[in-house]
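Chemist: Curious how this folds, go ahead:
(one chain, ligands or ions: 1)
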Amino acid sequence: MKDQSTSTAAALRRLWPYIKPVRTPLLLSMSATFGAMLCGLGIPLITQRIVDGPIAHRDLAALPWLVLLVGVLGCTEAALFYTRRRLIARPAAAVEAHLRADIYRKLQRLPVSFHDRYQSGQLLSRASTDVGTVRRWVAFAVIFLVVNTSIVVVGIGVLFWLAPALGIVALCYTLPLVLMSYLFESRFKVVARRAQDQAGDLTTRVEESVLGIRVLKAFGRGPELSRRFAAEARELRNTEMAKFRIFALLWAVLIVLPELGIAGQLAIGTIGIADGTTTIGTLVAAIAVSAYLRWPVDSIGWLLAETNQTSAATERIFEVLDAPVTITDPESPVPLTTPVVGHVRFEDVRFAYPGADREVLRGIDLDLRPGETVALVGSTGSGKTTLTALVPRLYDVTSGRVTIDGVDVRDLRLDVLRGTIGAAFEEPVLFSASVRENVALGSADVDDSRVREALRVARAEEFVEALPWGLETRIGEQGMSLSGGQRQRLALARAVVGHPAVLVLDDPLSALDVHTEAEVEGALRRVLHGVTALVVAHRPSTVQLADRVAMLVDGRIAATGTHRELLAENAEYRRLLSTMEEEEEVAAR
Ligand SMILES: Nc1ncnc2c1ncn2[C@@H]1O[C@H](COP(=O)(O)OP(=O)(O)OP(=O)(O)O)[C@@H](O)[C@H]1O
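Modeler: Next up, the predicted model:
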């Protein structure tokens, strides 16, 4: 139990940098709550005075003052509770906003290898559900945990002051109750974490199904996926049920023990009255105090469970915030001489994905002369995409180096490197934003004329102008649907908008029909003009656009040369090309 409370406390301590800036309103809110609860606790004591004074002596002289005092205490209690709410809203929202911003910023900085490891649903639930859990804890649970525990201590002190025997009875049920709630909350923490993970998995499943709805429909996999989803949802339900069972047991204990305690106090108090050692007013006050303490005592178990859930959420949030950012700016960046020439070299480059025991690239030497377009071909899984990803440092080489104009890409500031390179990927991702924003994403500080120029180069200007709001038309998931070719051309425009010296393109012609391919090919021809480009080619037509071809076999460059040279001299290249042609024919059918 000790270990667990230590780890809960350690996890929650991590929140201190977020809570520190709002500690003053938080403490004021806590004090207001404590003051309000003290007012509530004062009312039974006045009741004692009324019972033992005006009622016992049938003398109403003091009654108006005592009643007025009850009224004043009641109003103060209400005013303080109001103040608590007013004070806490802003700091709790600030903690939530600060955490969320940090997670988002960190997710942007984390390398692609981190995102490979985590499912997007898991990350989404950390940035939304877990952060929400922390906000609720700051706004409510932590305040009431401190205040209610203090009020229980003060209340039991009052009972001892009224009649020690009644105080002992209260202690007898309060201590086991707190102990039991500790036991239950430790079980609850494990189940709560499992439920959070399962909810994350379920979110991923929904997200994937929505994003891949075309594939699922095309292959008629909907019913099967629904069955799998139902099975996972059932698992989550079972975990939630286990959570509720633990909670139900906790509540049963929370109810039965105080009731038994009040029964004991009634018995002992009544005997005291019969003996003349206690007054009726004292017994009434003691029962009222015990009744008033019911909620604070009952709530401790629940608040501890909330605290545990928050600690689990905090651990998950910090798994992201603590993840190492492995691809960073160098300590002493080397500048690129301007204008950038765009001479790209791969020198004995080796690469293995993190955690993989097999190297994907095993000693790549490739020289891309300034302004040259090199097509990268190779059988599926030979490492073409991986090789292109090393240029903008989406991954870092395991050994060897990639240079631009003689400078190792790891010695360049990341913004300089990525400003020098334009990239487009096999799947042209569009964001829910206007055409202009989607294209301008390719470079910082581009104006409309640059966006239009990029659209012109990528042969996208005409269809963009035909969109209902032109450049302002919202596209992406929540906007207008575009055809495959239109998406590819926007992705190309995005790649060239910053006038990059180097382009890395992961087959921008794949997955296009013949007509669209011709359109994008035209665009590509213009895009490639005057820049150094490394283009992954899955189709013979892409190969034709290149000055030179490099063939990847088994993690090494097996041959380089012009398309004609390789066709004439290299049997393996001929074989590869005919496979590519066959695949293209199958795709066209
Ligand atoms: N994120 C990743 N983590 C671990 N292994 C990966 C990752 N991405 C790719 N791989 C593996 O690295 C190898 C090379 O993949 P890569 O995508 O670079 O090949 P490719 O030549 O571009 O293939 P294709 O022509 O099918 O697009 C494959 O065996 C693949 O399974």
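
Chemist: What residues does the stretch 301-450 of the chain have near the ligand?
Modeler: Within the stretch 301-450 of the chain, the positions near the ligand by CB under 6 Å from any ligand atom are Tyr353, Ala356, Val360, Gly378, Thr380, Gly381, Ser382, Gly383, Lys384, Thr385, Thr386. Placement of C-beta: from N, CA and C, glycine included.

Chemist: Of these, which belong to helices?
Modeler: Lys384, Thr385, Thr386 (DSSP state H).

Chemist: Let me have the residues you listed in JSON lines, adding neighbour count, distance to Pro339 and pLDDT as columns.
Modeler: Output for those, formatted as JSON lines (neighbours: other CB atoms under 10 Å; distance: CB to CB, whole Å; pLDDT from 0 to 100):
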{"residue": "Lys384", "neighbour count": "23", "distance to Pro339": "29", "pLDDT": "91"}
{"residue": "Thr385", "neighbour count": "17", "distance to Pro339": "29", "pLDDT": "91"}
{"residue": "Thr386", "neighbour count": "20", "distance to Pro339": "29", "pLDDT": "93"}
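
Chemist: can I get the residues of the stretch 301-450 of the chain next to the ligand in TSV with distance to Ala163?
Modeler: Below are those laid out as TSV (distance: CB to CB, whole Å):
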residue	distance to Ala163
Tyr353	72
Ala356	72
Val360	79
Gly378	88
Thr380	84
Gly381	81
Ser382	86
Gly383	82
Lys384	84
Thr385	79
Thr386	79
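
Chemist: Tell me, please, where in this structure the pLDDT is lower than the cut-off.
Modeler: Within the chain, the segments meeting pLDDT under 70 span 1-6, 477-480, 509-516, 584-589.

Chemist: Output the set of residues of the stretch 1-150 of the chain in proximity to the ligand.
Modeler: Asp116.

Chemist: For the spatially closest residue to Thr328 that is not a sequence neighbour, give me its contacts.
Modeler: Distances taken as CB to CB, 6 or more residues apart in numbering place Leu414 nearest to Thr328, at 7.4 Å, with adjacent residues excluded. Shown in contact with Leu414 (CB atoms under 8 Å, 6 or more residues apart in numbering): Ile327, Thr328, Asp329, Arg393.

Chemist: In contact with Ile151: list those residues for me.
Modeler: Ile151 neighbours (CB under 8 Å, 6+ apart): Phe34, Met37, Leu38, Leu41, Leu293, Pro296.

Chemist: Not counting its neighbours along the chain, what's nearest the first one?
Modeler: Spelled out, it's Phe34. Phe34 sits nearest to Val147 (CB to CB, 6+ apart), 4.9 Å away.

Chemist: Surely the one you found is in contact with Met37?
Modeler: Yes: taking contacts as CB atoms under 8 Å, Val147 lies within contact range of Met37: 6.0 Å.

Chemist: what touches both of the two?
Modeler: Looking at what touches both Val147 and Met37 (by CB under 8 Å, 6+ apart), the common residues are Pro296.

Chemist: How much space separates Met279 from the ligand?
Modeler: Careful, residue 279 is Thr and not Met. 78 Å (CB to the nearest ligand atom, to the nearest Å).

Chemist: residues touching that residue, list them.
Modeler: Here Thr279 is in contact with Gln48, Val51, Asp52, Ala56, Ile273 (criterion: CB under 8 Å, 6+ apart).

Chemist: The third one - how many residues pack around it?
Modeler: Look at Asp52: counted by other CB atoms under 10 Å, it has 16 neighbours.

Chemist: who's in contact with the closest residue to it other than its chain neighbours?
Modeler: Ranked by CB to CB, 6+ apart and with sequence neighbours excluded, the top spatial neighbour of Asp52 is Gly281, at 3.3 Å. Shown in contact with Gly281 (CB under 8 Å, 6+ apart): Thr47, Gln48, Arg49, Ile50, Val51, Asp52, Gly53, Ile55, Ala56.

Chemist: Torsion angles phi and psi at the closest residue to the fifth one other than its chain neighbours?
Modeler: In other words, Val51. With sequence-adjacent residues excluded and distances taken as CB to CB, 6+ apart, Val51 is closest to Gly281, at 3.6 Å. Backbone torsions of Gly281, given as degrees, to the nearest 10, read phi -60, psi -40.

Chemist: measure Gly281 to the ligand for me?
Modeler: 75 Å.

Chemist: Name the helix or strand for the residue nearest to Phe34, please.
Modeler: If you go by DSSP states H and E, Val147 is part of helix 142-162.

Chemist: Check which helices and strands the very next helix or strand once past that helix sits against.
Modeler: Per DSSP H and E, the first helix or strand lying C-terminal to helix 142-162 is helix 164-211. With contacts taken as 3 or more CB pairs under 8 Å, 6 or more residues apart in numbering; DSSP states H and E, helix 164-211 sits against helix 2-13, helix 120-125, helix 142-162, helix 222-275, helix 280-321.

Chemist: hey, which of the ones you listed is tucked in deepest?
Modeler: helix 280-321 (a mean of 21; mean count of other CB atoms under 10 Å).

Chemist: what lines up beside the helix or strand following that one in the sheet?
Modeler: Using DSSP H and E, the next helix or strand after helix 280-321 towards the C-terminus is strand 344-351. Strand 344-351 has the following strand partners under DSSP bridges: strand 361-368 (antiparallel), strand 399-404 (antiparallel).

Chemist: mind listing what the residue nearest to Pro354 when sequence neighbours are not counted touches?
Modeler: Distances taken as CB to CB, 6+ apart place Ser113 nearest to Pro354, at 4.8 Å, with adjacent residues excluded. Residues in contact with Ser113 (CB under 8 Å, 6+ apart) are Thr326, Tyr353, Pro354, Tyr395.

Chemist: Pull out the buried residues from these.
Modeler: Tyr395 (16 or more other CB atoms under 10 Å).

Chemist: Pick out the most distant pair among the contacts of Ser113.
Modeler: Within the contacts of Ser113, Thr326 and Tyr353 form the most distant pair, 12.8 Å apart (CB to CB).

Chemist: Can I have the buried ones of the contacts of Gly281 as a PyMOL selection?
Modeler: Remark: buried members of the contacts of Gly281, expressed as a PyMOL selection using 16+ other CB under 10 Å:
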select buried, resi 47+48+49+50+51+52+53+55
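
Chemist: So which of the contacts of Gly281 sit within helices?
Modeler: Using DSSP H, these in helices are Thr47, Gln48, Arg49, Ile50, Ala56.

Chemist: Apart from its chain neighbours, what residue comes closest to the second one?
Modeler: Counting by CB to CB, 6+ apart, Ala285 is the residue found nearest to Gln48 once chain neighbours are left out, at 3.5 Å.

Chemist: That neighbour contacts Gly42, correct?
Modeler: No: the pair Ala285 / Gly42 is not scored as a contact, 10.6 Å apart, by CB under 8 Å.
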